[in-house]
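> sequence first, predicted model second:
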Amino acid sequence: MSIIKLETPLQYLKGVGPRLAAIFAKVGVRTIEDLLYFVPRAYEDRRNLLPIVKVRPNELVVVKGDILRVESQRTRSRFSVLKVYLSDKTATIQAVWFNQPYLTKLFRRGVRLIVSGKVEYSQYDGLLQLQVRDFEIDTGETLPIVPKYHLTEGLYPKKLRAVIASALALGLPLLTDEKIRAALLALHQPKELTVIEPARQYLAYEELFLFQLGILLNRQRYHEELQGKVLAIAESDRAEFQASLSFKYTAAQQRVLEEIVVDLRSGRPMNRLLQGDVGSGKTVIAAEAAYLTVRNGLQAIVLAPTEILANQHYKKMTELLKPLKCRVALLTAATSSEEQRAKVFKADVIVGTHALLEENVRLRELGLVVIDEQHRFGVHQRAALIKKGSAPHTLVMTATPIPRSLALTLYGDLDRSVIDELPPGRTAIKTYYVPESKRSGANDFIRHKISEGRQVFVVCPLVEESSELDLKAAEGEAERLQKQVFPEFQVGLIHGRLKSDEKEAIMKAFLKNKLQLLVSTTVIEVGIDVPNATVMVIEHAERFGLAQLHQLRGRVGRGGHESYCFLIGNPKTEIAKARIKAMLESTDGFKIAEEDLRLRGPGEMLGSRQSGLPDFRVADIIRDEKLLQTARAAARELIEKEPEIARHRWESQGERLKNSQEKLEHTAFN
């Protein structure tokens, strides 16, 4: 291919070819433009390399040395360890790689390496050891500031820099924006460290601005093109519903309800995110919205991600709405029969799982869709449900607190309501880290609480024992607790592999206190409400993410009794230790979510498959939160003042984001 364009496949760039192009594809680089925006993740200043003799423990260093010898071995737990002894004539140091055995083919005596990483003392021989983060073979290339890229097997630093240099020479002239050209050049080939961050911020802002422009234009199009159902909200209906409750709303719940009522009366389809911590009272808000919908002669649907949660919602909705003469139906894979489908058509409020999405599920006239834990559903699944009605109102609920930066990215097309207040009587759950050495004391405490009439959850990361992982499994732990630790009490077991009727029977037994301890996997993470359960034990707590730990902890503390969470494990990594520390220091879901976002990043925090996160090339929504908010304000201003210019800019410059429309257009836009 003689004519190079920005969209030219990478294999046609000189020095690449099909084999290397396939390797680049593993890191998401497929075109010339992709390569231009494949910006470095870090930089290494090689103007003053440190002599090995001056290396000290607990320092991050960059050193250069010749290979004296190479040792490769496997540990009992099947980890591979590669040790390379480096010397620069001032001293020798041991460089260590874990689980990268393929590197042995690159290393031989006499080869000169440049390595960076953290220095520690070896626990085995007391020698200084460099835990390698980056390395490359020294070829005499003299770069004062070396960009470091995300690599994969077969993609090595020197070759990558050469290919990028070629792409810069051919691709930069094709970019019309001079500032973007300058910023990309500064990131790939910086002359000074001081030019890097301003260049990155410029590109990040441009990317975030385009993204927010696309979201806001789509939102505007949706509101203009679709006529929503105007609901007549009678204050007497609201008073009737609230009078039927055994409690008063908090100020936060009242505020959120007012926002929802305004939407229902507006004549445009409601698209609202209802965000609240575990136990903040989201379900009753959804129930009142459903009741107001039914009073207008329309049906409401509540979609839950699991059968357990669907059953929980069904019981709660029945409890709240049946006294008000609302017909509530349940539809899951376990209840999906012709008779049940007939009940769905006649019902006022239908609660269900993915079974609601089936084509043969017929509704009368859908007015409201409530989606619980939206990130657990795919875009097409959500769209299929909403298409069962004509522009129904949509209320998305999540018990996973989402930091503002992530909410603006994931749910930028939704209005956002936050319940930031717990109901009266709810007390903070006391959380403790319990090392293995203090397990017997925790067991004594549990025994005491059960003798007082309380109940206990025990969560394990696995269903059954694994030969590859030295972790407690739910099946084995349930048997051990029943036979060896608490023989005087009844121990139950629940996990995702059980049939629906088996899970339901176990939960009923636990709710009636026929079981005092319930051993489980994370199947009980969301939605399980057992007010009498006051102790949550999480085995191998270091194996769970922060949001998951917080959700699990939220399964207790739902009644009037003081509640406790025991985190049992042996955190070894810095991230695992930080998670435990965050759990001990706060019960505020939003603070924990901020820390989770910082530790893990957005994709892993919510699960990249269903999170709807855009694939930003430069922007980082954690470090660029202020840029994100500035970009959103600027995009909104441009749309309001110069709508034609805004549309033209999106059409002409938003091509890459338009290619990921499924990630950009959430719930209502499909």
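All right, it came through fine.

> and residue 493, that one's in a strand?
Yes: counting by DSSP: H, G, I helix; E, B strand; the rest coil, residue 493 is located in a strand.

> low-scoring stretches of the stretch 51-200 of the chain, by residue?
Applying pLDDT under 70 to the stretch 51-200 of the chain flags the ranges 76-78, 123-126.

> as a check, name the ranges of all helices in it.
For the stretch 51-200 of the chain, applying DSSP state H, counting those that start in this stretch gives helices covering 157-171, 178-188, 196-225.

> reformat these as TSV; add mean neighbour count and distance to residue 363.
From N, CA and C alone the C-beta is placed, and that goes for glycine too. Listed next are those as TSV, based on neighbours: other CB atoms under 10 Å; distance: least, CB to CB, whole Å:
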stretch	mean neighbour count	distance to residue 363
helix 157-171	18	52
helix 178-188	18	49
helix 196-225	19	22
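
> and of those, who's closest to residue 324?
helix 196-225 (31.7 Å; CB to CB).

> wait, which of the helices of the stretch 51-200 of the chain is closest to residue 25?
helix 157-171 (13.4 Å).

> show residues contacting that closest one.
4, 6, 13-16, 20, 32-33, 35-36, 38, 136-137, 139, 141, 146-149, 151, 184-185, 188-189 (CB atoms under 8 Å, 6 or more residues apart in numbering).

> same thing with stretch 335-342?
329-331, 355, 358, 360-362.

> what residues of it count as buried?
Judged by neighbour count (16 or more other CB atoms under 10 Å), stretch 335-342 contains these buried residues: 335-336, 340-341.

> go on, stretch 341-360?
The neighbour-count check on stretch 341-360 (16+ other CB under 10 Å) flags 341, 343-344, 347-357 as buried.

> for these, work out which two are farthest apart.
Maximum pairwise distance among those (CB to CB): 21.4 Å, between 348 and 354.

> please, which helix or strand holds residue 43?
strand 42-45 (DSSP states H and E).

> paired strands for that strand, with orientation please.
Here strand 42-45 is paired, per DSSP bridges, with strand 145-148 (antiparallel).

> how far is the partner strand from where the chain is centred?
Chain-centre distance of strand 145-148: 30 Å, with CA atoms, centre = their mean, to the nearest Å.

> please save the CA atoms from that strand in CSV.
The C-alpha trace of strand 145-148 is given here as CSV (Å, rounded to 0.1, in the frame of the first residue of the first chain):
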residue,chain,number,x,y,z
ILE,A,145,14.4,10.4,28.4
VAL,A,146,13.0,7.0,27.4
PRO,A,147,9.3,6.5,26.9
LYS,A,148,7.9,3.2,28.4
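
> who are the contact partners of residue 372?
302-305, 309, 313, 397-398, 527.

> over to residue 623?
By CB under 8 Å, 6+ apart, no residues touch residue 623.

> shouldn't it be within a strand?
No: judged by three-state DSSP, residue 623 forms no part of a strand; its state is coil.

> tell me the pLDDT of it.
Per-residue pLDDT puts residue 623 at 81.

> tell me which residues of stretch 107-125 are tucked away?
The neighbour-count check on stretch 107-125 (16+ other CB under 10 Å) flags 107, 113-117, 119 as buried.

> for it, which outside residues touch it?
For stretch 107-125, contacts defined as CB under 8 Å, 6+ apart pick out 44, 46, 49, 55-70, 82, 84, 86, 93-95, 127-138.

> please apply the same query to stretch 16-30.
For stretch 16-30, contacts defined as CB under 8 Å, 6+ apart pick out 9-11, 34-35, 38, 150-155, 159, 163, 615.

> PyMOL command for the buried members of these?
Of the contacts of stretch 16-30, the buried ones go into a single PyMOL selection, burial set by 16+ other CB under 10 Å:
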select buried, resi 9+10+11+34+35+38+151+155+163
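
> ok, which pair from the contacts of stretch 16-30 is furthest apart?
Using CB to CB, the pair of the contacts of stretch 16-30 lying farthest apart is 159 and 615, separated by 24.2 Å.

> can you give me phi and psi for residue 299?
phi -100, psi 160 (degrees, to the nearest 10).

> next, count neighbours for it.
Number of residues near residue 299 (other CB atoms under 10 Å) recorded here: 26.

> mind checking pLDDT for it?
Looking at residue 299, its pLDDT is 94.

> ok, it touching residue 366?
Yes: using CB atoms under 8 Å, residue 299 is in contact with residue 366, at 5.4 Å.

> mind checking pLDDT for the spatially closest residue to residue 358 that is not a sequence neighbour?
Among residues not flanking residue 358 along the chain, residue 336 sits closest, at 7.3 Å (CB to CB, 6 or more residues apart in numbering). We have a pLDDT of 71 for residue 336.

> with residue 378 instead?
Looking at residue 378, its pLDDT is 50.
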